[in-house]
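K.L.:
what's the 3D shape of this:
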Amino acid sequence: MTIDVSSHDLAVLCARACDDKQATDIAVLPVGDVLAVTEYFVVASASNPRQVRAITDAVLTQVREALGRGPLRSEG
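P.N.:
Coordinates of the predicted model:
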């Protein structure tokens, strides 16, 4: 079952998942006025590739658990 959620709430969920895994420099950027493909970018930093993978996995897991679906795309 999928749950509808606003794009802002989804971006905040992703940012919190990043924070749970000690990501740094987390930013939720509103880009809807300049991009047609999305309303928000969530950007975060990590100190090494292993931590990047852990953050990515945490975001994917939390989104799937909360919404019953995964994101269309992720980078990291």
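K.L.:
going forward, measure contacts between C-alpha atoms and count neighbours the same way
P.N.:
OK.
K.L.:
which parts of the longest helix seen in the chain are buried?
P.N.:
Secondary structure assigned by DSSP state H gives helix 49-67 as the longest helix of the chain. Residues of helix 49-67 classed as buried: 52, 54-63, 67 (neighbour count, 16 or more other Cα atoms under 10 Å).
K.L.:
And it, how far out from the chain middle?
P.N.:
Here helix 49-67 is found 8 Å from its chain centre; the criterion is Cα atoms, centre = their mean, to the nearest Å.
K.L.:
Only alpha carbons, please: show it as CSV.
P.N.:
Once side chains and other backbone atoms are set aside, the C-alpha atoms of helix 49-67 remain, and they are given as CSV (Å, rounded to 0.1, in the frame of the first residue of the first chain):
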residue,chain,number,x,y,z
PRO,A,49,32.3,6.1,0.5
ARG,A,50,31.2,3.6,3.1
GLN,A,51,29.3,6.2,5.0
VAL,A,52,27.7,7.5,1.8
ARG,A,53,26.5,4.0,1.1
ALA,A,54,25.1,3.7,4.7
ILE,A,55,23.3,7.0,4.3
THR,A,56,21.9,6.0,1.0
ASP,A,57,20.6,2.7,2.3
ALA,A,58,19.1,4.4,5.3
VAL,A,59,17.2,6.9,3.1
LEU,A,60,15.9,4.2,0.9
THR,A,61,14.8,2.0,3.8
GLN,A,62,13.0,4.8,5.7
VAL,A,63,11.2,6.0,2.5
ARG,A,64,10.1,2.4,1.8
GLU,A,65,8.9,1.9,5.4
ALA,A,66,7.1,5.2,5.6
LEU,A,67,5.5,5.2,2.2
